[in-house]
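In: kindly generate the corresponding structure for this input.
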Amino acid sequence: METLYIEASSIECNEDRREISGKIVPLGTGEVGNTNLGAYTFEAGAIEIGDVSKIKLLSQHDMKKPIGRMIAAETRQDGIYATFKLSRSTGGNDALVMAQEGLVTGLSIGAEVLASKPSRDGHTVVSSAVLKEVSLVTEPAFKSAQVLQIAAEETPSAETQTTTESETVVEETTPVEASPSVEASAVEAARPTVTAMAFTKPRLDFSAGKHLEMTIQAAMGSEDARQYLAAAADTTDNAGLVPTRQLTSVINGLANTTRSNIDAISRGALPDAGMTFEIPKITVLPTVAATAEEGTPSNTDQNAAFVSVSVAKYAGQQTFSVELLDRSNPIFVTELMNNLAAQYAKVTDTAVNAAIISGASLDATTITTYPTASELLGVVARGAASVYSGTQGFARNIICNTSQWSNIMTLNDSGRPIYNAQVPQNAGGAVAPTSVRGNVAGLDLYVTANTASLTDTDGSILIVNPEAYTWYESPTYQLRADVIASGQVSIVMYGYGAIATKIGAGAFKNNKA
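Out: Model (predicted):
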């Protein structure tokens, strides 16, 4: 079974009882979250929760860092809400501080998926799963819920603070600072606080490497690392040290999970076994003819054959040191899984594009350059007629690569744009530079960058009957293997897919002279 991590971001904490409450996952809303296994959404009632007292609250899905336990759960119209009792450990205190400061404000579930199915929109719909754990996380996948309020355990009064024989006495502590102004006190009084047992000013190693290490550890919740950074920022004792801030957001202009070619055709569930499967296809129809009185009816037997479809495995692997996994910011693994999912989307969508081009009928009319408005209408008209003749069904979609998309946006009537026009009387469709979806001459437009060539080539414009091609796909899976000899970790994301060309004449491609 898969272990799925779904993240929400609604937290409510109770000051007196050390309780955290919030929405842990949306159900039945259609909201899609980017998980460690790809894009997922949950149907209403999809998650089963057993004994709530056995559900632990972890930090960043680390089984070695439990910080609390579930004490109550409630299923509402928009999802599951739960309450957790935080421990009085250092980890529990750190969790409250990080939530109070707005650094860690997400809730993430770990669930075992029992039943799911792919949707036409490219994500997986889970209909049955079992909740295994919940974690306090940094980067939530679901953005619908927001932080409600943050509070922590009240600070004991001076009269009730006593030192027992078992408590550690720290001699070197920071001096008490001067009291803030009345206005500042009024603001701070409204905020909950967590009091650490003691504070020792660290002896600092002011090196760039040490500062980077402490920055990473502080992001993972280390109180010692936060104290180090606070002291490093105090330039009254360390003149000239200006630490470099590192943001948790990651710049990625190399990949996305858009699959326009797959979206432009029909979808199906992959059979549960075998690396090939067959689809029956009618090859000869029975005949009906005008028959004379007492004449013999037309008699032609219907025949059928089978279309054989091959199943392909698509997989990607990343191997890295256990130190990188244990000692780096948790966003590293999140970003790694997101990028593996994006590369999986790209390779599967490219395979579908190649199959459609391979099976498509070639336009008998050649075009020597990017088509003009009239030439584009000619391609659409000839393609629609060809597809209907070959499949007895209508062409509904047009797939263009990015260079053809660019050309379509330039087409105009005496300077007035046609396909991104603002005046309805002049518009022959809707094409926008901010969307890979649109409409051209009555066909739904799908723009793709997942193709062998992004220039004006054969197949850079495809007219498609979506029922003539079907993409069959399994859920994606994740494997992790620890390489003991080298101290490395290998993560593999893989899945199975098959593109079935049911009717070759179901697509029509442009002919570049």
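In: just give me the neighbour total for the residue lying closest to E48 once chain neighbours are set aside.
Out: Leaving aside its sequence neighbours, E48 sits nearest to V130 (Cβ to Cβ, 6 or more residues apart in numbering; 5.1 Å). (Each C-beta comes from the backbone N, C-alpha and C, glycine too.) By other Cβ atoms under 10 Å, 13 other residues sit near V130.
In: which strands and helices sit next to the regular element (helix or strand) spanning V130?
Out: For V130, the host element (DSSP states H and E) is strand 124-137. The contact analysis (3 or more Cβ pairs under 8 Å, 6 or more residues apart in numbering; DSSP states H and E) places strand 124-137 against strand 2-8, strand 38-42, strand 47-48, strand 56-59, strand 62-76, helix 90-100, strand 106-118.
In: determine which stretch of these is the most buried.
Out: Scoring the helices and strands packed on strand 124-137 by mean neighbour count under mean count of other Cβ atoms under 10 Å gives strand 38-42 as the most buried, with a mean of 24.
In: out of the helices and strands packed on strand 124-137, nearest to Q392?
Out: Q392 sits nearest to strand 106-118 of all the helices and strands packed on strand 124-137, at 27.3 Å, using Cβ to Cβ.
In: the closest one: partners in the sheet, and parallel or antiparallel?
Out: Its sheet considered, strand 106-118 pairs with strand 2-8 (antiparallel), strand 124-137 (antiparallel) by DSSP bridges.
In: worst mean pLDDT among these?
Out: Per-stretch mean pLDDT for those is lowest at strand 2-8 (a mean of 59).
In: the helices in this protein, which residues?
Out: 90-100, 182-189, 208-219, 223-232, 260-263, 322-327, 331-359, 373-391, 402-410 (DSSP state H).
In: quick check: which helices or strands does the longest one pack against?
Out: If contacts are counted by 3+ Cβ pairs under 8 Å, 6+ apart, helix 331-359 sits against strand 38-42, helix 260-263, strand 312-321, helix 322-327, strand 461-464, strand 469-473, strand 488-501, strand 507-512.
In: and the longest one with strand 507-512, angle?
Out: By that I understand strand 488-501. 90 degrees (axes from the mean of the first three to the mean of the last three Cα atoms, to 10 degrees).
In: packing partners of strand 488-501?
Out: Using 3+ Cβ pairs under 8 Å, 6+ apart: strand 488-501 touches strand 303-310, strand 312-321, helix 322-327, helix 331-359, strand 469-473, strand 477-483.
In: what does the first one give?
Out: Here strand 38-42 touches strand 2-8, strand 33-35, strand 124-137, helix 331-359, going by 3+ Cβ pairs under 8 Å, 6+ apart.
In: rerun that using 7 Å as the cut-off
Out: In terms of contacts (3 or more Cβ pairs under 7 Å, 6 or more residues apart in numbering; DSSP states H and E), strand 38-42 is packed against strand 124-137.
In: alpha carbons of the strand it packs on, as CSV, please.
Out: Extracted in CSV, the C-alpha atoms of strand 124-137 (Å, rounded to 0.1, in the frame of the first residue of the first chain):
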residue,chain,number,x,y,z
THR,A,124,-5.8,10.9,-8.2
VAL,A,125,-9.1,10.7,-6.3
VAL,A,126,-8.9,8.8,-3.1
SER,A,127,-12.0,7.0,-2.0
SER,A,128,-10.7,5.0,0.9
ALA,A,129,-7.7,5.5,3.2
VAL,A,130,-6.6,4.9,6.8
LEU,A,131,-5.0,7.7,8.9
LYS,A,132,-1.6,6.7,10.3
GLU,A,133,-0.2,9.9,11.8
VAL,A,134,-0.4,13.7,11.7
SER,A,135,2.5,16.1,11.6
LEU,A,136,3.2,19.7,12.2
VAL,A,137,4.9,20.9,9.0
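In: ok, residues contacting it?
Out: Residues from elsewhere that reach strand 124-137 (Cβ atoms under 7 Å, 6 or more residues apart in numbering): 4, 7, 24, 38-43, 46-49, 55-61, 67, 70, 82, 95, 104, 106-119, 475.
In: mind redoing it with 6 Å?
Out: 7, 24, 40-43, 46-49, 56-61, 95, 104, 106, 108-119, 475 (Cβ atoms under 6 Å, 6 or more residues apart in numbering).
In: tell me where the model's unsure across the stretch 201-350 of the chain.
Out: For the stretch 201-350 of the chain, the stretches flagged by pLDDT under 70 are 201-212, 231-248, 328-331.
In: thinking again about what came up before, flag every buried residue along the strand holding V130.
Out: T124, V125, V126, S128, A129, L131, K132, E133, V134, S135, L136, V137 (16 or more other Cβ atoms under 10 Å).
In: nearest to A273 among those residues?
Out: Distances from A273 to those, taken by Cβ to Cβ, are shortest for T124, at 19.7 Å.
In: distance-wise, check that closest one relative to L107.
Out: 21 Å (Cβ to Cβ, to the nearest Å).
In: just R327 next, same as before
Out: With Cβ to Cβ as the criterion, R327 and L107 are 24 Å apart.
In: kindly report the same for R480.
Out: 23 Å.
In: V492 is nearest to which of the helices and strands packed on strand 124-137?
Out: Across the helices and strands packed on strand 124-137, closest to V492 is strand 2-8 (Cβ to Cβ), at 13.2 Å.
In: ok so, going back, need the helices of the chain in CSV (columns: distance to Y314).
Out: Shown next, in CSV, are the helices of the chain (distance: least, Cβ to Cβ, whole Å):
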stretch, distance to Y314
helix 90-100, 38
helix 182-189, 54
helix 208-219, 33
helix 223-232, 40
helix 260-263, 12
helix 322-327, 24
helix 331-359, 5
helix 373-391, 28
helix 402-410, 23
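In: ok, which of those comes nearest D458?
Out: helix 331-359 (7.5 Å).
In: list the buried residues in that closest one.
Out: For helix 331-359, by 16+ other Cβ under 10 Å, it's 331, 333-334, 336-346, 348-357, 359.
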